[in-house]
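K.L.:
missing the sequence, but the structure's below:
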């Protein structure tokens with residue numbers, strides 16, 4: 001027998017609740033916004049941030065912005081795909097680049113992505129009925145492994161995920177899903193719009209957002225028909241993503257480079273790290289893989305803050321919750337079923353954010369690191385899980401509130417100080433690039449030979465690997481390797497323009513495969529990062545006929561007579 005849904009005995013908290021004075025709400029938002037702005041300070045201390053994929057992403061945005069510029073020669077090499085996924089970051093940067101230099105526009109969008117984590121976390125904390133200062137905790141996690149790998153789409157996705165979860169929970173609460181009311185048309189449109197927005201941000205986070213919406217609906221134990229009605233706004237974004245992924249399997253869609261990469265990943269066994277190693281990597285994934293004890297001290301401060309908030313202590317005697325109207329009107333065994341259903345629903349709803357964060361964390365532990373056509377996907381879930389988990393922390397007990405706040409303040413200050421120090425050091429390491437690029441002509445071909453792709457501040461992310469793409473972002477032309485070889489970006493190579501013959505023998509990851517007699521004729525410039533002996537070995541006797549300039553740890557080699565584009 002289908003039991004009638006029971007109303008919850010405790011009302012859902014709604015962010016923006018009138019129970020919180022407007023002045024206090026504004027003060028909390030001001031504090032979080034100021035902390036978010038301060039967290040972006042390291043970005044503005046260096047001309048080029050230590051982010052692996054950022055130069056390639058910036059180059060795609062430059063192609064969108066300067067596509068018709070005759071000096072940059074983009075139109076003859078690339079074509080635009082405006083409905084591609086993973087486009088929002090590039091579109092925002094390209095739009096801002098009408099007002100700002102392209103690199104400034106890129107750093108500004110990254111900075112806004114980091115700073116937006118605070119207000120988005122504040123919305124989630126208010127929705128969960130948690131103290132506003134809890135929203136400071138996710139700001140300590142914005143310089144995570146995804147940042148140093150340069151996954152700019154992921155950085156944009158983190159605050160959108162927090163805000164989307166808060167919005168979804170609010171809509172489900174106001175829509176009365178547990179009481180069986182259908183979503184209002186405006187609510188349906190909001191969820192559908194958010195889902196389509198994630199299509200433009202990142203397909204993986206589209207799936208994460210859809211799963212989060214599903215979980216927040218399921219824990220309310222609705223009837224199947226009502227559940228499907230509330231999940232229907234997810235269909236436009238999911239169907240669009242499925243169509244794009246399905247189209248990528250058609251012959252001729254993938255570039256030769258991406259087809260070879262997928263074939264290689266399909267040929268290797270699924271790679272899973274042991275559980276102990278996955279747990280040991282958590283500090284690196286949350287704070288970046290700084291050498292030395294910095295990340296461990298940051299992890300200790302984070303663990304101390306959580307322990308102070310989570311450890312049990314003396315509580316006031318809980319008040320007895322009033323019985324639901326249905327239970328009061330139907331005493332005895334006949335009411336046992338509805339009463340148990342209402343109690344189960346209430347328990348699930350109370351722990352909805354804790355269970356959601358737990359599922360995200362469990363997915364990281366269970367998913368492989370490399371499986372077929374995706375790499376490093378599982379690692380990106382860790383910061384998202386930690387940020388969502390803030391809404392599941394219990395309110396601080398009066399006797400521990402100051403200690404928890406002091407530990408959190410120490411975590412934020414140390415994290416910002418360590419990041420700022422590492423950026424300043426990186427500024428010295430990478431110095432000279434802007435000076436060399438200023439001497440180049442626009443619209444030429446440039447190849448990178450990056451023998452030394454790591455920096456002292458980070459152990460695993462090859463933050464210098466794609467720095468040759470800064471030439472394309474600032475001057476146009478083309479570089480040896482471009483993200484335009486991938487199907488899921490808004491810029492693609494025109495047929496026959498992808499240099500697949502070169503990439504089959506040599507790419508940015510394999511500078512030692514370069515042979516000047518075989519590969520050098522197409523390029524006007526070569527940007528080399530390495531030692532003088534590596535420069536001499538790469539070009540051999542041909543170096544005497546080339547022009548070489550150097551600055552910092554960089555060499556710019558110019559071929560005065562390139563044979564062809």
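P.N.:
Yep, it's here. These numbers come from a predicted model, not from an experiment. Numbering: from 1, shown residues only.

K.L.:
by contact count, what packs against the helix or strand hosting residue 355?
P.N.:
Residue 355 belongs to helix 352-366 when assigned by DSSP states H and E. In this structure, helix 352-366 packs against helix 152-175, helix 203-218, helix 275-280, helix 381-389, with contacts taken as 3 or more C-beta pairs under 8 Å, 6 or more residues apart in numbering; DSSP states H and E. (Each C-beta comes from the backbone N, C-alpha and C, glycine too.)

K.L.:
who wins for proximity to residue 189 among these?
P.N.:
Closest to residue 189 of the helices and strands packed on helix 352-366, according to C-beta to C-beta: helix 152-175, at 10.6 Å.

K.L.:
so which bits of the closest one are buried?
P.N.:
Neighbour-count burial for helix 152-175 flags 152-173, 175 (criterion: 16 or more other C-beta atoms under 10 Å).

K.L.:
export the helices and strands packed on helix 352-366 as TSV, with columns for distance to residue 234 and mean pLDDT.
P.N.:
Shown next, in TSV, are the helices and strands packed on helix 352-366 (distance: least, C-beta to C-beta, whole Å; pLDDT from 0 to 100):
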stretch	distance to residue 234	mean pLDDT
helix 152-175	10	94
helix 203-218	5	94
helix 275-280	29	92
helix 381-389	18	96
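
K.L.:
for those, which one sits closest to residue 112?
P.N.:
Residue 112 lies closest to helix 152-175 among the helices and strands packed on helix 352-366, at 8.7 Å (C-beta to C-beta).

K.L.:
could you check the angle the closest one makes with helix 352-366?
P.N.:
Relative orientation of helix 152-175 and helix 352-366, computed by axes from the mean of the first three to the mean of the last three C-alpha atoms, to 10 degrees: 150 degrees.

K.L.:
after helix 152-175 comes which helix or strand?
P.N.:
helix 185-201.

K.L.:
next, the angle helix 152-175 makes with that next one.
P.N.:
Using the same axes, to 10 degrees: helix 185-201 against helix 152-175 is 170 degrees.

K.L.:
helix 185-201: which residues count as buried?
P.N.:
187-188, 190-192, 194-201.

K.L.:
so how far is that helix off the chain centroid?
P.N.:
The gap between where helix 185-201 is centred and where its chain is centred comes out at 19 Å by C-alpha atoms, centre = their mean, to the nearest Å.

K.L.:
hmm, who's touching that helix?
P.N.:
85-89, 91, 153, 156-157, 160, 164, 167-168, 171, 174-175, 183, 205-206, 209-210, 213, 232-234, 236-238, 240-241 (C-beta atoms under 8 Å, 6 or more residues apart in numbering).

K.L.:
mind putting the helices and strands packed on helix 352-366 into CSV with distance to residue 114?
P.N.:
As requested, those are arranged in CSV below (distance: least, C-beta to C-beta, whole Å):
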stretch, distance to residue 114
helix 152-175, 7
helix 203-218, 16
helix 275-280, 25
helix 381-389, 11
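
K.L.:
which one of the ones you listed lies closest to residue 460?
P.N.:
Nearest to residue 460, of these and by C-beta to C-beta, is helix 275-280 at 13.1 Å.

K.L.:
same for the closest one, what does it pack against?
P.N.:
With contacts defined as 3+ C-beta pairs under 8 Å, 6+ apart, the packing partners of helix 275-280 are helix 352-366.
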